[in-house]
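Q: Pasting a predicted model and its sequence here:
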Amino acid sequence: MKRPIPALLLIVLLPAAVGAQQSADTTAMVEEANRKLDEWIDSTRAFVGDVRIDASDMESFLEHYDGFSSLGEEMSEDEEFVDYDQVLADPAYRAWAAANGLAPEPWLKRSMRITALAMRDQLQAGFAQAEAQMPEQRRMIEEQCAQAGADMCQQMMASLDASMAMFEHQKKRFGDLPQPTDAERAVFERYANDLSALMESGDEDWGDDDWDEEEWEEDWDEQQ
């Protein structure tokens, strides 16, 4: 079982130098990442679609988040996204829920709805930030491309285009996550500080990494 927040999120622009070395695999990699994301978005919409959260659900989520996350860390880390059926069938999860006085399926559904609603809001801002950085990223890659041979330059630009297409796909699909009702929005506003502190204390990437020019150039130099 995974931690409650998917690991594969917003950062989709591949380092151009790495893309040049692996251009033959880029399309397959992007298609596989998109497939996994599509499956998770669709399964999440289905899993949380019949529940709504109130203040008591949010308080329970905040109280038990660390314990649930720690439980996930002790289990399989093979998949990027939560498999809800697997979690519900897991004896360790059911034992943890019982020990904490929680109904396994209702608690997981409401907690995953909170996660999905929070993630959607976080990523809307993250996508906007990433889009603002894209022209500079393209400029840097084009500068490096001008110093490379024709074949490598073609591969680099193909990798960039594939990464941009992946970004657009992620932007669209994360936008398909559930939107809060007015009542749920009020709950989120009431607990905004607590929820923000909880998410920031974790080690999951919520898509707010900045473009690191120095790190990118180091990656490029290592490939030369």
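A: Yep, it's here. Numbering: from 1, shown residues only.

Q: residues in contact with A55?
A: Listed by CB atoms under 8 Å, 6 or more residues apart in numbering, the contact set of A55 reads 187, 190-191. From N, CA and C alone the C-beta is placed, and that goes for glycine too.

Q: 10 Å - rerun?
A: 183, 186-187, 190-191 (CB atoms under 10 Å, 6 or more residues apart in numbering).

Q: In these, which residue is surrounded by the most others?
A: V187 (22 neighbours; other CB atoms under 10 Å).

Q: Against F61, how distant is it?
A: 10 Å (CB to CB, to the nearest Å).

Q: which neighbours do these two share?
A: Joint contacts of V187 and F61 (CB under 10 Å, 6+ apart) are 53, 114, 195.

Q: For these, give me JSON lines that also has neighbour count.
A: Shown next, in JSON lines, are the shared contacts of V187 and F61 (neighbours: other CB atoms under 10 Å):
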{"residue": "I53", "neighbour count": "22"}
{"residue": "I114", "neighbour count": "25"}
{"residue": "L195", "neighbour count": "20"}
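
Q: Mind checking which of the residues you listed are in strands?
A: Among these, none falls in strands (DSSP state E).

Q: Considering these, which is situated nearest to K36?
A: Closest to K36 out of the shared contacts of V187 and F61 is I114 (22.1 Å), distances taken as CB to CB.

Q: which residue packs closest to the closest one, ignoring adjacent ones?
A: Once flanking residues are discounted, I114 sits nearest to F61: 5.0 Å by CB to CB, 6 or more residues apart in numbering.

Q: Now do the same contact list for the one you found.
A: 4, 53, 68, 107, 110-115, 118, 191, 194-195, 198.

Q: need the contact list for the nearest residue to D194 once chain neighbours are set aside.
A: Taking CB to CB, 6+ apart, and ignoring the residues beside it in sequence, D194 has L62 as its nearest neighbour in space, at 5.5 Å. Contact analysis of L62 by CB under 10 Å, 6+ apart lists 111, 114, 191, 194-195, 197-198.

Q: Let me have those residues in JSON lines, extended by distance to V48 and pLDDT.
A: What follows is the contacts of L62, written out as JSON lines (distance: CB to CB, whole Å; pLDDT from 0 to 100):
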{"residue": "S111", "distance to V48": "9", "pLDDT": "95"}
{"residue": "I114", "distance to V48": "9", "pLDDT": "95"}
{"residue": "Y191", "distance to V48": "18", "pLDDT": "95"}
{"residue": "D194", "distance to V48": "20", "pLDDT": "91"}
{"residue": "L195", "distance to V48": "16", "pLDDT": "88"}
{"residue": "A197", "distance to V48": "23", "pLDDT": "84"}
{"residue": "L198", "distance to V48": "19", "pLDDT": "81"}
